[in-house]
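1. need a structure here:
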Amino acid sequence: MHKFTASILAGSIALAFTGTALAENPMVGGAAMYADKTIVENAVNSKDHTTLVAAVKAAGLVETLSGEGPFTVFAPTNAAFEKLPDGTVDTLLKPENKETLTTVLTCHVVATEAMSSAIGKMISDDGGNHPVKTVGGCMLEAKMDGDKITLTDENGNVATVTIADVDQSNGVIHVIDTVLLPKS
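-> This next block holds a predicted model:
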């Protein structure tokens with residue numbers, strides 16, 4: 001009887017750990033996101049982030065975003081890039097526009113790991129509006145819209161976090177629905 005109880009207990013513990021592992025990270029772009037992989041290693045698997053991945057490669061930021069971090073990346077989807085005026089993405093991806101592309105992309109990166117609960121607390125502590133300085137020098141305003149975090153860039157563009165807290169080995173990704181731009 002003792003052996004049987006031990007087997008059930010071991011099985012329950014294994015199920016608990018399996019359930020925890022499966023619940024850790026949300027799926028992004030139809031792909032599993034693994035907490036033991038870097039931002040770049042996970043992003044390349046998301047079918048919703050092919051434009052972002054192409055832009056990161058064109059800007060030469062693969063090595064940086066594969067580095068130790070920690071980083072918080074607000075990752076615009078392909079649909080977010082499609083909202084930009086026609087030709088904008090193609091123009092940004094040209095080699096002669098690498099510096100501008102790098103600035104646009106780094107306006108989506110913060111040099112710390114900030115999960116949504118921490119961002120929400122900062123917003124609350126700051127009376128509903130928390131300033132966020134990005135690696136690219138952009139100032140974003142983080143606010144709450146119901147239970148969703150929004151980010152407003154210096155041009156008034158508002159991005160909503162649609163998938164929060166995608167844990168990475170070198171930080172966290174929050175998927176957003178709008179591209180944030182440096183001050184024009």
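
2. show me which positions of the lengthiest strand in the chain end up buried.
-> With DSSP state E setting the assignment, residue counts place strand 158-168 as the longest strand in the chain. Taking 16 or more other CB atoms under 10 Å as the neighbour-count basis, strand 158-168 is seen to contain the buried residues Ala159, Val161, Thr162, Ile163, Ala164, Asp165, Val166, Asp167, Gln168. Heads up, the C-betas are built off the backbone N, CA and C, glycines and all.

3. confidence score at the second one?
-> The score at Val161 is 98. That number is its pLDDT.

4. so how far is Met144 from it?
-> If you measure Val161 against Met144 using CB to CB, to the nearest Å, the figure is 10 Å.

5. give me the common contacts of those two.
-> Thr150 (CB atoms under 8 Å, 6 or more residues apart in numbering).

6. relative to Val62, how far out is Glu99?
-> Glu99 sits 17 Å away from Val62, going by CB to CB.

7. who has more neighbours, the two?
-> Val62 (17 against 9; other CB atoms under 10 Å).

8. which ones are touching that one?
-> Counting by CB under 8 Å, 6+ apart, Val62 makes contact with Val40, Val56.

9. partner residues bridging Thr150?
-> Applying DSSP bridges to Thr150 gives these bridge partners: Lys143, Thr160.

10. hmm, it is touching Asn157, no?
-> No: the criterion here is CB atoms under 8 Å, and Thr150 misses it with Asn157 at 10.4 Å.

11. give me the more crowded residue out of those two.
-> When Thr150 and Asn157 are compared on other CB under 10 Å, the one with more neighbours turns out to be Thr150, at 19 against 16.

12. contact partners for the more buried one?
-> Applying CB under 8 Å, 6+ apart, we find Thr150 in contact with Ala142, Lys143, Met144, Val158, Ala159, Thr160, Val161.

13. and these, which is closest to Gly120?
-> Distances from these to Gly120 were compared by CB to CB; the smallest belongs to Met144, at 6.5 Å.

14. give me the number of residues near the closest one?
-> Using other CB under 10 Å as the criterion, Met144 is surrounded by 15 other residues.

15. contact partners of stretch 27-43?
-> Among residues not part of stretch 27-43, those counted as contacts by CB under 8 Å, 6+ apart are 24-26, 45-49, 52-53, 56, 62, 65-67, 69, 71, 73, 75, 77, 163, 166-171, 173, 175.

16. could you tell me the end-to-end distance of that stretch?
-> Start to finish, the residues bounding stretch 27-43 are 11 Å apart (CA to CA, to the nearest Å).

17. buried ones in it?
-> Buried residues in stretch 27-43, defined by neighbour count with 16+ other CB under 10 Å: Val28, Gly29, Met33, Tyr34, Lys37, Thr38, Ile39, Val40, Glu41, Asn42, Ala43.
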